[in-house]
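1. Please find the sequence and the predicted model below.
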Amino acid sequence: MRWLPLRSTVPGVGLCALALAGAACQDGHYRVVVHVPGGVARATRVEVVVLRSCGEVSAPGVAPSAPLRLVTADVDEPSPIGKIAAGTYGLYGRAWEAGCILYAAGCDTVKLEGGGEGTLDVFLGEIAPLGCDPDERCAAGVCAGVDAGLDAGRDENDAGADAGRTWTDAGLDAGRDENDAGADAGADGGADGAADGSIVGQDGGPVEACEPSIVGSVDLGLGAQGVAVSGSTAFVAAGSRLFLVDISDPAEPDMLSEVEATAAHRVAVSGPTAFVADGLAGLTVIDWSDPESPSALATVDTPGTAMGVELTFIEMVMIADEGEGVQFVDVSDPTDPALVGSVDTPETAWDVRLFPLSHVLVADGNGGLQIADVGGKAVPGIVGSLDDIGLAESVALWDDHALVAIWDYGLKVVDVSDPEAPVVVGMARTPGHALSIDVQEGYAYIADEASGLQILDVATPEAPAGVGSVDTPGLALDLQVSGPLVLIADGAAGVHIVEHGCPSRDFPF
């Protein structure tokens, strides 16, 4: 799909041909020079992302939902893309001028044959200009919420404060309902900064701050996509591999083993068995009774692309199967899993959670939050939905509230006590792109892509408040909280172990 002039200056030549002569065509390190209309005199910010294909871009200027890599580029100067495996990719660039006006974009399919070092020239074409949303302001060259909840105590002039805000929300806010019932309770984004830089709640009272810090890391050599924890073992889904890591000493994690997969995206663990959402391969079942020698037991093909996985209490696994909704797999015999049912969703199912025993919550991409009854009706089906809350990437459950990670916003808190009439009761912006969410003791932990880990206090669902964050060197794509630790799948930067430093609290649920 090529709809704007983003192209190599050597037509028909792949990136390998631009590498140094004699380099081996394997993985390679590359740079990109972006040429934009008006050059440096006009462009104030330029970005290039690597995509699986240009087909992920729905229209000129619109931000894709799952970039493989993001580069903030210099105009007319070489900017590193980094190490990229051989394959065919889409290179998508966008440029902004003063006032955060997006004015140029383009995408082109490029075949990467691998190896060496090289420079690729790309050219952007002008598009109809797009500015910030009415509820945003232009700050330091990027669009941001007027009361961004996680800016609590930050110096607005700190050049690093907005380092992760590398995308505007242009074109993806069409589904955002600014009049959601009850949403105004959290519309200011949770916490604001006090004069002394401390975090305060929406009522002006203090909020207990978390103190997250990275204590350990593992370089996998592959991009970490998903993570799960069982006891002292972390399971990392990384495309063609599932890695097992001993985290008994968080400061010194130890690689235990790896097992082949097809396109491992997410993973869930029950007893000696791991269940991998394995892309086009479907569900792959792994026996890890011997952590140093795991083995694949079986794979069951699903009709779509397996992107998320959730366990139930009745030897059943639910698969968020992208365009094919939610698939139910009987795993009572792990060596012979079988598809036994499904629920169709209107858009793309990315994540799924059980609620509490007879309903499921589905993060359905542009379909928002979908709620299905899978126990109380003869035929499972959707009984409630909020399809106007933004691009839903992930969902977690806190009491009778769904915590929905909205890619182009942050967090939206939905009261699902009546599954047939869900209502937004609170919201908070995050500085990056919310891709995954987990919850423990009233704290929501969000993998916020280029902005690392963001922590919000959701003990009062109507007023979520930012209470801590830590940047990660890569793109935070998934996470799981386990006691005092948060495991983060950080894309090409591997997996990181974070001590969240949040005060412990007890709740009756």
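-> Done, it's in.
2. CA atoms for contacts and neighbours, from now on please.
-> Will do.
3. Tabulate the CA atom coordinates of the biggest strand by length in the chain in CSV.
-> In the chain, assigned by DSSP state E, the strand with the most residues is strand 233-246. Taking Å, rounded to 0.1, in the frame of the first residue of the first chain, the C-alpha atoms of strand 233-246 are listed here in CSV:
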residue,chain,number,x,y,z
THR,A,233,9.8,-17.8,37.0
ALA,A,234,9.0,-15.2,34.3
PHE,A,235,7.7,-16.2,30.9
VAL,A,236,8.5,-13.9,28.0
ALA,A,237,6.8,-14.1,24.7
ALA,A,238,9.2,-12.9,22.0
GLY,A,239,8.0,-13.8,18.5
SER,A,240,9.7,-17.0,17.5
ARG,A,241,10.6,-17.9,21.1
LEU,A,242,9.1,-18.3,24.6
PHE,A,243,11.8,-17.6,27.2
LEU,A,244,11.8,-18.8,30.8
VAL,A,245,13.7,-16.6,33.3
ASP,A,246,14.5,-17.2,36.9
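4. avg pLDDT for it?
-> Mean pLDDT, computed over strand 233-246, is 96.
5. Start the count at 34 instead of 1 going forward.
-> Fine by me, first position is 34 from now on; the one you just mentioned is strand 266-279.
6. If we go by neighbour counts, what in it is buried?
-> Judged by neighbour count using 16 or more other C-alpha atoms under 10 Å, the buried positions of strand 266-279 are 266-279.
7. I'd like to know which elements the next helix or strand after it is packed against.
-> Sequence order places strand 287-297 as the next helix or strand after strand 266-279, per DSSP states H and E. For strand 287-297, the elements it packs on are strand 266-279, strand 328-333, judged by 3 or more C-alpha pairs under 8 Å, 6 or more residues apart in numbering; DSSP states H and E.
8. Partner strands of strand 287-297, with direction?
-> Strand 287-297 has the following strand partners under DSSP bridges: strand 266-279 (antiparallel).
9. Contacts made by the strand it pairs with with the rest, please.
-> Residues lying outside strand 266-279 but in contact with it, judged by C-alpha atoms under 8 Å, 6 or more residues apart in numbering, are 255-262, 265, 280-281, 286-300, 309, 311, 324, 520, 522, 528.
10. Put together TSV for the buried residues of strand 266-279, with distance to P452 on each row.
-> Output for the buried residues of strand 266-279, formatted as TSV (distance: C-alpha to C-alpha, whole Å):
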residue	distance to P452
T266	35
A267	33
F268	32
V269	33
A270	32
A271	34
G272	35
S273	38
R274	37
L275	35
F276	37
L277	37
V278	38
D279	39
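11. Quickly name whichever of the residues you listed is closest to A92.
-> The closest of the buried residues of strand 266-279 to A92 turns out to be G272 (C-alpha to C-alpha; 27.7 Å).
12. Tell me what the closest one is bridged to.
-> For G272, the beta-bridge partners are A297 (DSSP bridges).
13. Now L124: which helix or strand?
-> Going by DSSP H and E, L124 is part of strand 120-130.
14. Can you give the strand pairings for that strand, parallel or anti for each?
-> strand 76-84 (antiparallel), strand 134-145 (antiparallel).
15. Just after the longest one, pick out the following helix or strand.
-> Read it as strand 134-145. The helix or strand immediately downstream of strand 134-145 is strand 150-156, counting by DSSP H and E.
16. average pLDDT for that next one?
-> 70.
17. same check, this time on stretch 283-298
-> The pLDDT scores in stretch 283-298 average 96.
18. ditto for stretch 365-376
-> Summarised as a single mean, pLDDT over stretch 365-376 is 95.
19. Name the residues of that stretch that are buried.
-> Here stretch 365-376 shows P367, P370, A371, L372, S375, V376 as buried, counting by 16+ other C-alpha under 10 Å.
20. Just give me the closest of those residues to M460.
-> Closest to M460 out of these is V376 (27.8 Å), distances taken as C-alpha to C-alpha.
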